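Trainee: what's the 3D shape of this:
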Amino acid sequence: MSNFIRALLNLRITVVVPLLVGFCLLAIARWRPGLGSKWFKTIESRLSSLARRRILSTVLLGLAPVALRLALLPIYGPPIPAIHDEFGHLLVADTLLHGRFANPPNAFHEFFESLYIIQSPTYSSYYPIGIGASLAIGRVLFGHPWGGVLLFDGLMCALVYWMLLAWVTPGWAFLGSTLLIFNMGVLSLWANSYWGGAAAAVAGCLIFGAIPRLIDEPHGRNGLVLGIGLSYLALIRPFETALLGPCLLALAFLYRNVIFAKSFQRKLALLALGLAPGICITLLHNHAVTGNWTKLPYELSREQYGVPQTFNFQAPAIPHQALTRTQQAMYDWQTKTRRSVTTLPGWLEELPGRFDTIHIFLGGAVTPVLIFLPFSLYGRRLWWVLGTVVFTFLGGSTYGFFNPPYVAHLTGLFLLLGIACMMRMNQVPWGRAAVRMMVAFAVCYFAVLYTFYAVRETLPASVRQNHIVVRELAPLTRPTKRSQLADYIRKIGVRHLVFVNYLPGHDMQHEWVFNAADIDASRIVWALDLGGLKDKQLMLHYPGRAIWRVDVGSEKTPVRVLTGSPLKPVQDNPWP
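Mentor: This next block holds a predicted model:
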């Protein structure tokens, strides 16, 4: 079975239903093009007036997703990190808040080996610092890294409006940002995790909002905005930033008569000024983590652990040091996954599933408008937009792994293509009716989902815990077994050392051994259980700490918690 067919079969009901409704609305509009016309015209008139007030609209669109999510805060608190990506970005943030790019290696580093964490020559995350910087800003301004997530979530929605203003009229730009709020701004993983999709989207909006302004306006500040956007994106997704290089060169060639004729030297100078911070920070970060100005932490991790795996056209990465059981499982999984897409048939099977990601940004109810894309590409600019999206996906497919945050910087372009289709449909009565009904359904659908989350905890347990409900509408904040244990032992007013023993069946995606930038000063230290005398040495290195041993199996296996000390044998702990 192809990856694309498998992806279709795994689509959630919350995706399939809006998609089917969207196609049904197309048929209804064809049959009754005047349905609700007077009512829709009144709403459109008022929203168009608001959209033309650009500063007010920007502020409202930026505040709306933040306010809507904060309204749910009494029910769903800040997200709890669960996967290695989140812990990696949080380590970057904590390291930056200690005033450094990397941490000194720990003398007992073998206890702290974890996924995507480098132990030598420094103790650091292998991730670039862009997302970690946004989380650090959240801790500084709001006392919690999630503050940075919400800040950039609001900036994303505001900047999408600003970006679209350079491509379409204010009313359509307002609609595009509103759709983003419904789909990604409040209830999505981007607003409720530390994965960082919104930060990359902010960088992308700066880039794609500056590009048409560079063509239409002679002012050099747009070159600075473009440089800043590229600079920040390079600190989040270096490879995807490199993929934009040929696209920008193609655009410069298409509009060479305009770009090179109007204040070109000033634009180029300010572009270089905007690029300088990203280049300098990358070099400094590389040197601090790896000891080499030009070697990315990614590359060092690949040399040591064999992950992340290489591009399809390269030889597979081979680890050059002993791996823990979890690291070996991750290496085996990445190697197998990479091998499946190195052949042409495997690559072709996997590619459609990547393009299917676009429905996440537009929303299921609106996605059917893309069938009109071939009739909506008027002018060189939109053809360039489509070419950039296609080239990015094709270039990204040379790497065997994919997640929506990898193309988060294209958020504005996805919405622009959808808006272009709706503008084309709006030229005929039945198409205008279809767009109106699709947008109306998207609004109602979001309202229903938001209301469900608001009242979820008041519903009977049989409803809340139903496996279909949990699968389709998981709680925005989901405690993990690790977080529950941390909360439990944190109430005990001493410092703790937790030894973790992974049993067969443990999910490698749910690592337990993650620590703060300053391990020795941490209230809870998480360490691998290496057994016997080795564990005792670490206990003696951390005198006075309560000792915990945790046996972690599969998700369905209860976690067994034991307590003890260097002087006492461990015993079962009545942890709930």
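Trainee: From residue 506, how far out is the nearest residue to residue 235 once chain neighbours are set aside?
Mentor: In this structure, residue 235 finds its nearest non-sequential neighbour in residue 130, 3.4 Å apart by CB to CB, 6 or more residues apart in numbering. Glycine gets a C-beta too; all of them are placed from N, C-alpha and C. Note on residue 130: its distance to residue 506, by CB to CB, to the nearest Å, is 31 Å.
Trainee: With residue 479 instead?
Mentor: Distance from residue 479 to residue 506, by CB to CB: 18 Å.
Trainee: try residue 413
Mentor: Counting by CB to CB, the gap from residue 413 to residue 506 is 40 Å.
Trainee: which ones are touching residue 360?
Mentor: 183-184, 404 (CB atoms under 8 Å, 6 or more residues apart in numbering).
Trainee: Downstream of the helix or strand hosting residue 288, the next helix or strand is which one?
Mentor: Using DSSP states H and E, residue 288 maps to helix 264-290. Downstream of helix 264-290, the first helix or strand assigned by DSSP H and E is helix 297-305.
Trainee: Not counting its own residues, what contacts that following helix?
Mentor: 116, 118, 120, 124-128, 238, 285-286, 289-290, 307-310, 317, 319-321, 323, 327, 331.
Trainee: rerun at 7 Å
Mentor: By CB atoms under 7 Å, 6 or more residues apart in numbering, the list of residues contacting helix 297-305 from outside reads 116, 118, 124, 126, 289-290, 307-308, 310, 317, 319-321, 323, 327, 331.
Trainee: ok, back up a step: more neighbours: which of residue 413 and residue 506?
Mentor: residue 413 (25 against 21; other CB atoms under 10 Å).
Trainee: The more buried one touches residue 205, doesn't it?
Mentor: No: contact criterion CB atoms under 7 Å: residue 413 and residue 205 do not qualify, at 9.7 Å.
Trainee: Leaving out chain neighbours, which residue sits closest to residue 333?
Mentor: Here the residue nearest residue 333, using CB to CB, 6+ apart, is residue 508, at 7.0 Å.
Trainee: can you pull the contacts of that neighbour?
Mentor: 326, 329-330, 333.
Trainee: Just to check, residue 417 is in contact with residue 371?
Mentor: No: using CB under 7 Å, residue 417 is not in contact with residue 371, being 12.0 Å away.
Trainee: more crowded one of the two?
Mentor: residue 417 (23 against 12).
Trainee: Which elements pack onto the host helix or strand of the more buried one?
Mentor: Per DSSP H and E, residue 417 falls inside helix 411-425. Contacts defined by 3 or more CB pairs under 7 Å, 6 or more residues apart in numbering; DSSP states H and E place helix 411-425 against helix 145-165, helix 170-180, helix 197-216, helix 358-362, helix 379-396, helix 429-455.
Trainee: Residues in contact with that helix: which ones?
Mentor: 160, 163-164, 167-168, 172, 175-176, 179-180, 201, 204-205, 208, 358, 361-362, 366, 369-370, 372-373, 375-376, 382, 385-386, 388-389, 431-432, 434-435.
Trainee: returning to what we had before: tell me the buried residues within the contacts of helix 297-305.
Mentor: Buried members of those, scored by 16 or more other CB atoms under 10 Å, are 116, 118, 124, 126, 289-290, 307-308, 310, 317, 319, 323, 327, 331.
Trainee: low-confidence ranges in this structure?
Mentor: 1-12, 218, 262, 555-558, 563-576 (pLDDT under 70).
Trainee: Nearest residue to the middle of it?
Mentor: residue 197 (2.7 Å; CA atoms, centre = their mean).
Trainee: which ones are touching that one?
Mentor: Per CB under 7 Å, 6+ apart, neighbours of residue 197: 190, 404-405, 408.
Trainee: what about residue 339, neighbour count?
Mentor: 14.
Trainee: now do residue 458
Mentor: Applying other CB under 10 Å, I find that residue 458 has 8 neighbouring residues.
Trainee: Roughly how far does it sit from residue 76?
Mentor: Distance from residue 458 to residue 76, by CB to CB: 14 Å.
Trainee: List phi and psi for the nearest residue to residue 238 once chain neighbours are set aside.
Mentor: In space, and not counting its chain neighbours, residue 238 is closest to residue 128: 6.3 Å by CB to CB, 6+ apart. Note on residue 128: its backbone torsions stand at phi -60, psi 170 [degrees, to the nearest 10].
Trainee: Just list the residues touching residue 128, thanks.
Mentor: Contacts of residue 128 by CB under 7 Å, 6+ apart are 235-236, 238.
Trainee: and which of those residues is nearest residue 267?
Mentor: residue 235 (22.4 Å; CB to CB).
Trainee: wait, doesn't the closest one sit right on residue 129?
Mentor: Yes: with contacts counted by CB under 7 Å, residue 235 reaches residue 129, the gap being 5.7 Å.
Trainee: JSON lines please, covering the buried ones among the contacts of helix 297-305 and showing secondary structure and distance to residue 53.
Mentor: Putting the buried ones among the contacts of helix 297-305 into JSON lines (DSSP: H, G, I helix; E, B strand; the rest coil; distance: CB to CB, whole Å) gives the following:
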{"residue": "116", "secondary structure": "coil", "distance to residue 53": "45"}
{"residue": "118", "secondary structure": "strand", "distance to residue 53": "49"}
{"residue": "124", "secondary structure": "strand", "distance to residue 53": "46"}
{"residue": "126", "secondary structure": "coil", "distance to residue 53": "45"}
{"residue": "289", "secondary structure": "helix", "distance to residue 53": "46"}
{"residue": "290", "secondary structure": "helix", "distance to residue 53": "49"}
{"residue": "307", "secondary structure": "coil", "distance to residue 53": "49"}
{"residue": "308", "secondary structure": "coil", "distance to residue 53": "46"}
{"residue": "310", "secondary structure": "coil", "distance to residue 53": "50"}
{"residue": "317", "secondary structure": "coil", "distance to residue 53": "53"}
{"residue": "319", "secondary structure": "coil", "distance to residue 53": "57"}
{"residue": "323", "secondary structure": "coil", "distance to residue 53": "58"}
{"residue": "327", "secondary structure": "helix", "distance to residue 53": "54"}
{"residue": "331", "secondary structure": "helix", "distance to residue 53": "54"}
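Trainee: Please state the offset of stretch 151-169 from the chain centre?
Mentor: Offset of stretch 151-169 from its chain centre (CA atoms, centre = their mean, to the nearest Å): 17 Å.
Trainee: Thanks a lot, catch you later.
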